[in-house]
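**Q** Provide a 3D model corresponding to the input given below.
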Amino acid sequence: MTDSTTRLAYPSLAEIEEARIRVSQVAQVTPMESSRFLAEVIGSPVYLKCENLQRTGSYKIRGAYNRISALSDDEKARGVVAASAGNHAQGVAFAARELGIAATIFMPIGVPLPKLQATRAYGAEVILRGHSVEEALRAAAEYSQATGAVIIPPFDHIDVVMGQATLGLEILDQVPDVDTLVVPIGGGGLIAGIAAAVKQRAAALGRSIRVIGVQAENAAAYPPSLAAGEAVSIVPTPTIADGILVARPGLLNFTIIRELVDEVVTVSEADTARALLLLLERAKQVVEPAGAVGVAAILAGKVKDAGTTVTVLSGGNIDPLLMQRVISHGLAASDRYLKLRIMLPDRPGQLARTAELVAEANANVVEVLHTRHGKGLQISQVELELHIETRGPEHRAQVVAKLRDAGFEVRVEE
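**A** Sure thing, here's the model as predicted:
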């Protein structure tokens with residue numbers, strides 16, 4: 001392959017087709033599922049490209065395998081090294097194993113146990129170093145200098161972009177009439193590859209395809225970078241979509257995205273949690289938060305006049321403990337989880353009466369806190385905190401009205 005310093009910014013269609021042949025040795029053709037619910041939201045067909053069902057649980061195997069397979073014999077003999085908190089680690093470990101190459105992966109201390117175990121199970125040596133991906137990256141760079149192992153970057157390399165681009169060709173095979181693609185963005189390798197593939201294929205056919213990128217608003221480096229005309233660093237804040245938490249765009253990725261991607265939008269934590277819950281309930285798909293941001297953008301009204309739409313579910317590697325928290329957050333964001341504080345006279349039967357009223361409203365109490373020690377309470381009062389499952393905004397309002405109509409002083413906690 002031609003080195004990225006002497007070639008055009010993005011891979012040609014012919015190069016992507018060649019990469020597809022290589023990548024097909026390990027990557028599966030993942031399902032494309034239609035979504036009636038999302039189609040009703042935007043008024044046109046919507047399809048879900050299920051890379052959460054890919055080997056290793058994400059699209060990352062494509063770029064990792066394409067990059068590692070391009071190494072010289074001397075480089076392969078030196079082994080590869082990478083740093084990641086999850087999907088890239090598993091992609092590199094799997095690809096290296098398939099190619100018979102030694103792999104060393106640096107992961108932050110405290111990485112979720114399922115991701116750590118999966119990476120080791122693919123045959124990589126895992127070294128825990130630092131408390132962030134940035135610290136792990138520095139350790140990987142030091143290891144590379146000391147041993148000669150080749151660093152496999154997560155997104156900022158032409159071979160990685162080329163591997164991810166194979167997903168774009170697959171999408172066009174499955175939904176030839178697609179008008180809009182909605183793709184998660186972290187460092188930008190996935191959307192850069194997809195945009196390079198679909199824009200060139202569409203141009204050859206004399207049509208256009210719109211590509212929209214989605215970032216978590218707590219870690220959105222692309223909007224300010226695109227506004228500035230150059231890659232800029234941000235200070236991200238914590239996000240449940242940790243798979244796309246990147247402080248600075250990849251330089252190669254930024255160049256491609258600036259030229260080929262039509263729009264970049266952001267979604268909130270609540271938007272993402274709501275999308276993950278919807279995918280579980282309506283599509284029966286287990287998706288990590290980063291992989292659900294495209295659906296979140298559709299639900300949040302950020303994708304308009306889209307025509308036939310495909311959104312990429314980029315990964316499904318979610319820690320069960322995080323899933324539990326995200327589902328709770330998604331229930332609250334969908335107005336299906338209600339937290340109430342109720343002032344009660346301190347006499348027998350009041351707790352039973354509130355529970356009876358909630359039951360009459362066909363809601364379910366999941367947690368109760370009963371205390372005499374809250375601030376502002378009179379000696380003759382107690383405070384009751386109820387956590388209630390409801391069926392949505394209308395049912396939520398009915399529960400509150402039922403309690404207030406019975407004479408209770410009710411405060412809704414957001």
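**Q** pull the contacting residues for the residue nearest the centre of the chain.
**A** The residue lying closest to the centre of the chain (Cα atoms, centre = their mean) is Ala290, at 0.8 Å. The contact partners of Ala290, taken as Cβ atoms under 8 Å, 6 or more residues apart in numbering, are 184, 186, 216, 241-244, 314-315. Just so you know, the C-beta spots here come from the backbone N, C-alpha and C atoms, and that holds for glycine as well.
**Q** I'd say Leu279 and Thr311 touch.
**A** No. If you go by Cβ atoms under 8 Å, Leu279 and Thr311 don't touch, sitting 10.4 Å apart.
**Q** could you pull out the strands for this protein?
**A** 32-34, 46-50, 80-83, 103-107, 125-128, 150-151, 180-184, 210-216, 263-267, 309-313, 337-345, 364-371, 381-389, 409-413 (DSSP state E).
**Q** how close does Thr237 sit to Val161?
**A** 28 Å (Cβ to Cβ, to the nearest Å).
**Q** now do His22 against Ile194, distance only.
**A** Just to correct that, residue 22 is Arg rather than His. 17 Å.
**Q** compare the two (neighbour count), which wins?
**A** For the pair Arg22 and Ile194, the greater number of neighbours falls to Ile194 (31 against 18), based on other Cβ atoms under 10 Å.
**Q** so what's the closest residue in space to that one that isn't next to it in sequence up against?
**A** Distance criterion Cβ to Cβ, 6 or more residues apart in numbering; nearest residue to Ile194, sequence neighbours excluded, is Gly168 at 4.0 Å. For Gly168, the contact set (Cβ under 8 Å, 6+ apart) comprises 16, 181, 193-198, 201.
**Q** do Asp319 as well
**A** Counted by Cβ under 8 Å, 6+ apart, Asp319 has contacts 112-115.
**Q** for the stretch 201-350 of the chain, what spans make up the helices?
**A** For the stretch 201-350 of the chain, the helices defined by DSSP state H, counting those that start in this stretch cover 222-228, 251-260, 269-278, 293-299, 320-333, 350-360.
**Q** let me know the angle separating the last one from strand 409-413.
**A** Put plainly, it is helix 350-360. 60 degrees (axes from the mean of the first three to the mean of the last three Cα atoms, to 10 degrees).
**Q** next, the buried residues of helix 350-360.
**A** The neighbour-count check on helix 350-360 (16 or more other Cβ atoms under 10 Å) flags 350, 354, 357-358 as buried.
**Q** now swap in the first one and tell me
**A** Using 16+ other Cβ under 10 Å as the burial criterion, the residues of helix 222-228 that qualify are 222-223, 225-226.
**Q** just put those residues in CSV and tack on pLDDT.
**A** Below are the buried residues of helix 222-228 laid out as CSV (pLDDT from 0 to 100):
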residue, pLDDT
Tyr222, 97
Pro223, 97
Ser225, 96
Leu226, 96
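**Q** mind picking the two most distant members of the residues you listed?
**A** The largest separation in those, counting by Cβ to Cβ, is between Pro223 and Ser225 at 7.2 Å.
**Q** where does pLDDT dip in the stretch 101-250 of the chain?
**A** Within the stretch 101-250 of the chain, no range satisfies pLDDT under 70.
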